[in-house]
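K.L.:
Below is the sequence, then the predicted model.
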Amino acid sequence: MVFLNELKKTLNRTTIGVLICVLILNGIVIISGEKDRGYSFTAEDYRALYDSAEMQGNTDSQLAYLEELLDSENFRQYYLARYVKADIEKSMGYEEYLKGIAASAMQYGKLSIFNRNDGFTGRNIEKTAAVYAALPEIETETGPSRGVVMASRYSGSVILAFIFMLYLVFSLITREKEIGSLNLTMTTKLGHMHHGCAKMMVCAVFCVLISVMLEAENWVIAGCTYGLGDISRAIQSIPEYQSCVFSISVFGFLLISVLFKTCCAVMVSLTVFFIACRSRSLTGLAVRLAAVFGTEGLFYYVIPGNSIWGLIKYINVFAGMDSYDMLGNYMNLNFFGCPVRYLSVYIAFIAVTILLSGVLGLRAYADTQSLPSSGKIKLLTLPVKKSSVIVQECYRYFICEHAALILLAFAVARAVTFSPVKESFAFQEDVYYKQYMLKLEGQHSDGKEKEIEAEEALYAEITAKADEASAAAGDEKIRGLIWMKYREETDHFKVLYKVRDQAQYLKEKDGAFLYDQGYRILAGEDSGREQDMLLGLAAGIMLVICSTFMYGSDYQAGTDKMIRATRRGRAYLFARRELIGTVALLAVFAVTYLPYTMSVLSAYGSQGLDFPACSVRCLEQYPHWVTLRMYLIGLNVFRSLVMWSGMNLLWYISAKLRSMSYTFVIGLGMCAVYVFI
């Protein structure tokens, strides 16, 4: 009965509205994320190819048809045919993949370094080979794999589910602490634990609901985008899942994935439940959540996989986000020299965490109390003489609300985890391209064009001489030596076509030659996109934490009536709080973005800051008078304005909701929207 009452109370219009918003946001993010993958073909082309009559036959006829398309002069059709052909060949080569694993194990076993069976490496190789050898005979089938990969490898829904569960726990625990309704249920400790058990059951029900709805939405969108094909075919038919050791279909993999994500959601929600019960203030709750999940995220994303601390990396809450990797691959953990299957250990971790969080959460709920109307700290006391509004507000915000400690902790964490960006090259051609750009650095001109023409003429001359020498040589070995020497001398000429293409672009834009990799990263291209997301997430969380307490505590404690004297008085107070909030915001911005920007410029060079921004191809939309220096300044000003707008929006939301917990959760949702979109 208590459970049904809690379920009815929770399933209100606000919860339904938040659930709908999460589903809409999830759909927007998965669609926009797939569009940004940079394929040379569209989803419509991919779906139309698999729906065509020529692709309905057997594998041989499909490959023959794709071979015909490879002769097409249509750019998109050529790359689509090449992509699909590689997919089909890999899918039908599953038996060869298994033979390769067995052959590798035999080869490693012959090496003396692996002959000792008492080490982890040798045991791991033997166990892995034995697991794949024990698999039953699996017949793979061709089909549109891109849709299955899109749905199963999308991890954004896990983050949105986490935000929704955070909102739910805040509604069940923190919100009732704020309004003091928990005092109405304080009868006996056993009765209170019974009430807490009902709330946990509500969390479990919503974990199942949100996991099923988000996963179903992902698969429906992926089916409409690329198509799923026959979902009864083996999961090993998908090239990305050939290392899966489950003999199941694509549909079976979907069911296992939903079950796994539901268990992870229950684990996270019960952990947050316990933390919420133990926190006597929203500030303490925010700090505890940031500390627990921040530490977990730090361990997961910073510790290398082959480190001696690998167990801390993999036995981690964040590891559940990569469910596709855990379910679709086979990996063993080094447990005191013995290979133990990762999935089995993680399932045990989920079970133990749920059990401990449930028991500790019930005990904590039995002893829980309503939130105090205000927080106090006795490390610093404001002298009574000081009556300035700005001083009083600084004391309340930075000391009583612990904003100073939060900012200090964030700065220390950022300093400890920050690693300077190092210049890296994916291919040798990138090194040659950099050398050409540094040699040609400067405004595009006829002189630069002549330098490129001279390089092209030199390349043609060396090639002609090599042809003559090779034709004159009668011995095949001498010809081989000639062409080997030729390749050594002309290796750097491989990028001349790219230099010529860049020169043509700069001529049209009246731009300047420069090595632009650092600016591309700062503009969010290549590896910069992931860094922008991580930095935006860190800055957004800090913005939410620091902004929630500016007005939220007034409305929660009812002291907002004391500041509603005159319009002029409210404006006076607002101006002071705006100044304090802006200072805190600028501190967060400086700690988050400035070290990263300076590190990238230091690694890749800051030459060309006064060149036109359109010299960088990803910034071609900017007018010629906008320099790279102006672009970087404008980019950071825009980021700070977005953060400033978010701060004021959170203040407005807190005034309307009159609840710090709801404001905090909505702020996290806004942060997710900003990061993913």
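P.N.:
Perfect, I can see it now.

K.L.:
C-alpha from now on. contacts and neighbour counts both.
P.N.:
Fine.

K.L.:
What residues of stretch 85-92 count as buried?
P.N.:
Using 16 or more other C-alpha atoms under 10 Å as the test for burial, stretch 85-92 gives 85, 87-88, 90-92.

K.L.:
which one of the residues you listed sits closest to residue 244?
P.N.:
Looking at the buried residues of stretch 85-92 and their distance to residue 244, the nearest is residue 91, at 12.9 Å (C-alpha to C-alpha).

K.L.:
Can you list the low-confidence ranges for the stretch 451-600 of the chain?
P.N.:
474-475, 552-569 (pLDDT under 70).

K.L.:
just so I have it, where are all the helices in it?
P.N.:
In the stretch 451-600 of the chain, the helices defined using DSSP state H, counting those that start in this stretch lie at 476-490, 496-509, 517-522, 528-557, 567-604.

K.L.:
Mind giving me the packing neighbours of the second one?
P.N.:
The one in question is helix 496-509. helix 428-440, helix 446-472, strand 512-513 (3 or more C-alpha pairs under 8 Å, 6 or more residues apart in numbering; DSSP states H and E).

K.L.:
Take those and lay them out in TSV including distance to residue 664 and mean neighbour count.
P.N.:
Formatted as TSV, the helices and strands packed on helix 496-509 follow (distance: least, C-alpha to C-alpha, whole Å; neighbours: other C-alpha atoms under 10 Å):
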stretch	distance to residue 664	mean neighbour count
helix 428-440	45	16
helix 446-472	56	14
strand 512-513	47	25
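
K.L.:
can you redo those as TSV with distance to residue 138?
P.N.:
Output for the helices and strands packed on helix 496-509, formatted as TSV (distance: least, C-alpha to C-alpha, whole Å):
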stretch	distance to residue 138
helix 428-440	41
helix 446-472	52
strand 512-513	55
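
K.L.:
nearest to residue 295, of those?
P.N.:
Nearest of the helices and strands packed on helix 496-509 (C-alpha to C-alpha): helix 428-440, 36.2 Å.

K.L.:
now the angle from that closest one to helix 496-509?
P.N.:
Between helix 428-440 and helix 496-509, the angle comes out at 50 degrees (axes from the mean of the first three to the mean of the last three C-alpha atoms, to 10 degrees).

K.L.:
Dump helix 428-440 to CSV, restricted to CA.
P.N.:
Output in CSV follows, covering the C-alpha atoms of helix 428-440 (Å, rounded to 0.1, in the frame of the first residue of the first chain):
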residue,chain,number,x,y,z
GLN,A,428,54.1,10.5,-41.6
GLU,A,429,52.4,12.6,-44.3
ASP,A,430,51.2,14.9,-41.5
VAL,A,431,54.8,15.7,-40.6
TYR,A,432,55.6,16.5,-44.3
TYR,A,433,52.5,18.7,-44.5
LYS,A,434,53.5,20.6,-41.4
GLN,A,435,57.0,21.2,-42.9
TYR,A,436,55.5,22.6,-46.1
MET,A,437,53.1,24.9,-44.2
LEU,A,438,55.9,26.2,-42.0
LYS,A,439,58.1,26.8,-45.1
LEU,A,440,55.3,28.6,-46.9
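
K.L.:
Now that helix: average pLDDT?
P.N.:
For helix 428-440, the mean pLDDT works out to 86.

K.L.:
all strands of the stretch 1-150 of the chain, in order?
P.N.:
Counting by DSSP state E, counting those that start in this stretch, the stretch 1-150 of the chain has no strands at all.

K.L.:
Show me what counts as buried in stretch 66-76.
P.N.:
Buried, per 16+ other C-alpha under 10 Å, within stretch 66-76: 66, 69-70.
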